[in-house]
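1. sequence-free structure coming up:
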C-alpha cells in the first residue's frame, strides 16, 4: 500500500515537471538575477559591475521621477481599483437577475476584458478622448465645451483609469459565481422578517461576497500597481508626467536608457510596495471579510 | 519505483531521438543559408525591401531571406534586447545616433572593409563623420537624410500670407500669426512637444553652436537659453503653435494629429526620409529652407545618413550578408527595386541609376539639395544621448505647459542637463 503511494507521488512530479521547469527557468532564475542586477550597474549590453546600494540610494535620494511616479501610481490604484470593483459588482448583481437572454449579456460584458489590455484598445481610447475625438463631439451635442481629456495634466490620469475600470469582466465573473453561491434560504428568511432590498444587499449579499471582494481587491491592486500599457500607448506618461505610472518609469529606465541594474532596483522596490499593501489588505480583512464556514 | 525509472528512460529516449532527427535535418540544409534582415519603416519601405529580397533569392536560390520589420516604435528596444541575447538579425538597419551607443558596448557589428565594398561610391566625409566608431567603418549609409521645413501653400495663401515667403525667425511670428487670427482653430506650426524641442535645438545651435558639446558640457549660457525660451513663448502667446494640452497626445507622432491631417496647421519640421509618410495624401505641400539668424554660429539643420546598414558580428553568414548588401547598394536591379525607400541613395551609382529612370521625386530632390546647402555641424554624441534628450524634453514640457518662465526654463535646463551629464 505504501509503495503504491510513493509511486503515485513520483508520477505526480512528472506531470507537473513542465510547470516546475517553466518556473525555475522563466521565473525563479530571472527573479534571482534581477535581485543581483539591482546591486550592479548592468547596462543590457556589456557586463555588470557590483556597485552596492548605489542604485537604491540614487532612487530614494536623487530621482525626482521616482516620487512623481509613485504618487501617480498611488492615485491610479486609488481611482481604478475601487471603481472597477464597484462597477463589476453592480453589473454582476444586475446579471444575476432572471432576465431573458442573460447569457448573451454576460458574454457581452465580458468582452472588454478579453480586448481590454491590448494595444489596439489603448489606441482606440486615444482617439475617443483626444481633443477632436468622439467623446468631445458627443459632449458638444449637449452643449458641453470640449476638454483635453488626455492633454490636461489634471484630467489625464482619470481618463487613463477608465481603460482599467472598463475591463471589469473577470472580477464581474467572480462576483457572479459568488452571488450564485449565496443560499437562497438567507434571502428568504430576511424577506419573511421584512427586510427591504437595500438592507438585504448590505446585510446579506455584501458579507457573503466579502471573500470574493477581498480576492478581487488584492488581485486588482497587484495588477494596477504594475500597469503599463495604457500609459505607454496613450500618453507616454505625459502630459507633464501626470500619467507616468511606475511600470512605465521602470520600462523607460530599462529599455529606453538601458539601465537594467537601476530598473531591477526599481522593480524590487515595487515588489516590496505591493507586498506591503497586500499584507495590509489581508490584515484588515480580518475585520471585514466574513467566511461562510464561521456562520 | 522501477516503473517510474523506465518511464523516465522512455521519455529521455524519445527526447534524444527528436533532437537527433533535428540535427540530421539541419546538416542536410547546410548549403542553404538563411539571412535575417531587420528594419523599421512604413509600407513605402517594407514593400520595396521585400521585393528586392525576393528578387535576390530568385537569383540565389540557396539564400533564403527573412525580413523582420515593423514601425519605429519599440524597434530600438527590440534590437538592443536581441543584441544582448545574441539573437539579432544578420543585417540590421540602425539609426545613426545608435551607432556610437551600440559600438561602445563591444564588438556588436562587423567592421566594413574596403575589400568587400566599393567605398569610393560614397562621400568619404559622410562615411567618416557618421559611420565610423574609433576610426573603424562600422556600417554603410543607406541614403542621405536632411531636415526640411515643409509648408502648406494653400493654407498660407488662404490666410493672406505669401506662400513663397522666405522664412526668418521674425516673420514666422509676424506672418504666421495671421493664420490663427483668421481662424482660431488653425495654427502656423504643427509642432508637438518633441518637435518644439527640435526647434529649440535649432535656435540654440544658431545662438551658441550646440546644446551639449563633445566635451560633455552644456554649450549655451543662461542668457542664450532665456533668449530662446522668450522667443518660443511668443509662439504660444501669438498663436503660432497649438497649446501642448492639444498636441502632447501626439508626442513623436505629429503626423497623426487630425489638425495636421485635415490641414489646420501650415508647416512642419521634418526629415526628408519621413516626409513622404508624414505628408500622406495632403496636397499643396512644398519644402522651404529653415530660418537662420544673422551671425548664426551653426545653422542647426541636421544632415545624416537616413539609416546605417550594419552586419551583425555574431552572424554565421557574414559573407552572404555582405553579398546581399552589395546587391542593395550596387546592383542595378537592387537599386531600382529599392528606389528611394531609404532616402536618396548615398552612392554615386545609386543616384545615377534612379535619376536616369526618373525615380527620384522632384520634391525629395529639392528638399535634399536645400537641406544639404544649409546643413550645419553634426550634433555631439552627448546631445544625441537618450537621457540628455529626455532631460531637455522634460524642461520643454514644463515650459510649454506654462509652469516655467523663460528665465526659469533656461536655468532649469542648464541645471538638469549638468546633472544628467554628470551621471552618464
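-> That came through, no problem. Remember, predicted model here, so these are calculated numbers, not experimental data.
2. going forward, measure contacts between C-alpha atoms and count neighbours the same way
-> Will do.
3. Please state the backbone phi and psi of the closest residue to chain A within chain B?
-> Here the residue of chain B nearest chain A is residue B:245; by CA to the nearest CA that distance is 4.1 Å. Dihedral pair for residue B:245: phi -60, psi -20, per degrees, to the nearest 10.
4. Now the residue most central in space within chain A: which helix or strand?
-> Geometric centre of chain A, nearest residue: residue A:223, 2.7 Å, by CA atoms, centre = their mean. Element membership for residue A:223, per DSSP states H and E: helix A:206-225.
5. and that helix, what does it pack onto?
-> Judged by 3 or more CA pairs under 8 Å, 6 or more residues apart in numbering or on different chains; DSSP states H and E, helix A:206-225 is in contact with helix A:64-95, helix A:169-181, helix A:260-288.
6. pLDDT of it, averaged?
-> Throughout helix A:206-225, pLDDT has a mean value of 93.
7. repeat for stretch B:140-151
-> Mean pLDDT, stretch B:140-151: 92.
8. how much distance is there from it to the middle of the chain?
-> 9 Å (CA atoms, centre = their mean, to the nearest Å).
9. what does that stretch contact?
-> Applying CA atoms under 8 Å, 6 or more residues apart in numbering or on different chains, the contact partners of stretch B:140-151 are B:112, B:127, B:131, B:266-273, B:285-290, B:301-310, B:329, B:342-347, B:367-368, B:370-372, B:375.
10. Now do the residue of the stretch 101-250 of chain A found nearest chain B, the pLDDT please.
-> Residue nearest to chain B within the stretch 101-250 of chain A: residue A:151 (4.1 Å; CA to the nearest CA). Looking at residue A:151, its pLDDT reads 89.
11. Can I take it that it is in a strand?
-> No: using DSSP: H, G, I helix; E, B strand; the rest coil, the assignment for residue A:151 is coil, not a strand.
12. for it, what are its contacts?
-> A:130-131, A:238-239, B:244-249.
13. Taking those together, which two end up most distant?
-> Pairwise distances across those (CA to CA) peak at 15.0 Å, for the pair A:131 and A:238.
14. So for residue B:361, what's the pLDDT?
-> pLDDT, residue B:361: 85.
15. Can you give me the distance of it to residue A:59?
-> Residue B:361 sits 51 Å away from residue A:59, taking CA to CA, to the nearest Å as the criterion.
16. can you check residue B:106 too?
-> Distance from residue B:106 to residue A:59, by CA to CA: 28 Å.
17. and those two? which has more neighbours close in?
-> residue A:59 (18 against 10; other CA atoms under 10 Å in any protein chain shown).
18. quick one: what helix or strand has that one in it?
-> With DSSP H and E as the test, residue A:59 turns up in helix A:54-61.
19. Show the secondary-structure elements that that helix is packed against.
-> Packing partners of helix A:54-61 (3+ CA pairs under 8 Å, 6+ apart): helix A:260-288.
20. so does the helix it packs on get close to chain B?
-> No: judged by CA under 8 Å from any CA of the partner chain, helix A:260-288 stays clear of chain B, getting no closer than 11.1 Å.
21. Go through that helix and flag the buried ones.
-> By neighbour count on 16 or more other CA atoms under 10 Å in any protein chain shown, the buried set for helix A:260-288 is A:260-268, A:270, A:274, A:278.
22. what's the answer for stretch A:111-130, then?
-> For stretch A:111-130, a neighbour-count test (16+ other CA under 10 Å) marks A:112-113, A:116-117, A:121-122, A:125-130 as buried.
23. mind listing which of the residues you listed are in helices?
-> A:112-113, A:121-122, A:125-129 (DSSP state H).
24. what's the most distant pair in the buried residues of stretch A:111-130?
-> Maximum distance among these (CA to CA): 22.8 Å, for A:113 and A:130.
25. Partner strands of the longest strand along chain B, with direction?
-> In chain B, taking DSSP state E as the definition, the longest strand is strand B:143-152. In the sheet, strand B:143-152 lines up against strand B:265-271 (antiparallel), strand B:285-288 (antiparallel), strand B:303-305 (antiparallel), strand B:344-345 (antiparallel) (DSSP bridges).
26. Get me the contact residues on chain B for chain A.
-> B:1, B:4, B:77, B:80-81, B:83-84, B:102, B:105-106, B:244-249, B:251, B:258, B:386-387, B:394, B:397-398, B:401.
27. Which member of the buried residues of helix A:260-288 is positioned nearest chain B?
-> The nearest member of the buried residues of helix A:260-288 to chain B, counting by CA to the nearest CA, is residue A:260 at 11.1 Å.
28. Enumerate every residue touching the closest one.
-> Residue A:260 touches A:37-38, A:41-44, A:253-254, counting by CA under 8 Å, 6+ apart.
29. Sketch out the low-pLDDT regions of the chain for me.
-> Just going to use chain A. Residue ranges of chain A with pLDDT under 70: A:1-8, A:116-117, A:292-295.
30. other chain: chain B
-> Checking chain B against pLDDT under 70 turns up B:1-30.
31. Since that was my last question, I'll sign off now.
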